[in-house]
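Novice: here is my input, please return the structure:
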Amino acid sequence: METPPPATPEPNPEPTPASEIVPPPTPASTPAPPAVVSATSPEEKQWKVILNLSALCAFFIPAGNIIAPLVIWLIKKTELPGLEAEGKKVLNFQISYTIYMIAAMVAFFVGSCLIVPLILPLVVGIPWLIFTIIGGVKASNDEPYEFPFTLKML
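Specialist: The predicted model follows:
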């Protein structure tokens, strides 16, 4: 017994108009994840930014990068609970970079006849400025930020 060849569909003499073409069904999209709701109040967020950027007082006051955040932290840590941890992070960072800058300045004066010690204060100072600003921006966006190269003292 011979099996008949499979039937081939007859070619459609007229193309289907574009208005009659039905697109394939789209798969059900997954729902968007819920927006992250900040647990901090706007006032706490504002003080975190002030706490981070107050370190820029170092440009006007000697040791202002430690004194200004310390004063803000001591005054506001009992009123705003989220400021406790942020203040410790900022102060640890500022104290660490002050130690690094003192070491760079000692190397600068002791080895001033060499090229490398001459650029050490810049190697410490520029990252300090950049990381301080990044910390303020992250605080304004209510994002956690761990400062790099920080000694944990508090």
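Novice: look up how far Thr98 lies from Ser54.
Specialist: According to C-beta to C-beta, to the nearest Å, Ser54 and Thr98 sit 14 Å apart. Where C-beta positions appear, they are placed from N, C-alpha and C, glycine not excepted.
Novice: who has more neighbours out of those two?
Specialist: Ser54 (23 against 17; other C-beta atoms under 10 Å).
Novice: look up the closest residue to the more buried one, ignoring the ones flanking it.
Specialist: Excluding the flanking residues, the one nearest Ser54 by C-beta to C-beta, 6 or more residues apart in numbering is Ala68, at 3.8 Å.
Novice: got a pLDDT number for the one you found?
Specialist: Predicted confidence (pLDDT) at Ala68: the value is 97.
Novice: and Thr132, by the same measure?
Specialist: Looking at Thr132, its pLDDT stands at 97.
Novice: surely it and Phe59 touch.
Specialist: No - if you go by C-beta atoms under 8 Å, Thr132 and Phe59 don't touch, sitting 10.8 Å apart.
Novice: do you know how far the closest residue to Gly64 other than its chain neighbours is from Leu83?
Specialist: Leaving aside its chain neighbours, Gly64 sits nearest to Cys57 (3.2 Å; criterion: C-beta to C-beta, 6+ apart). Distance, Cys57 to Leu83, by C-beta to C-beta: 18 Å.
Novice: which of those two has more residues huddled nearby?
Specialist: More crowded of Cys57 and Leu83, by other C-beta under 10 Å: Leu83, with 22 against 17.
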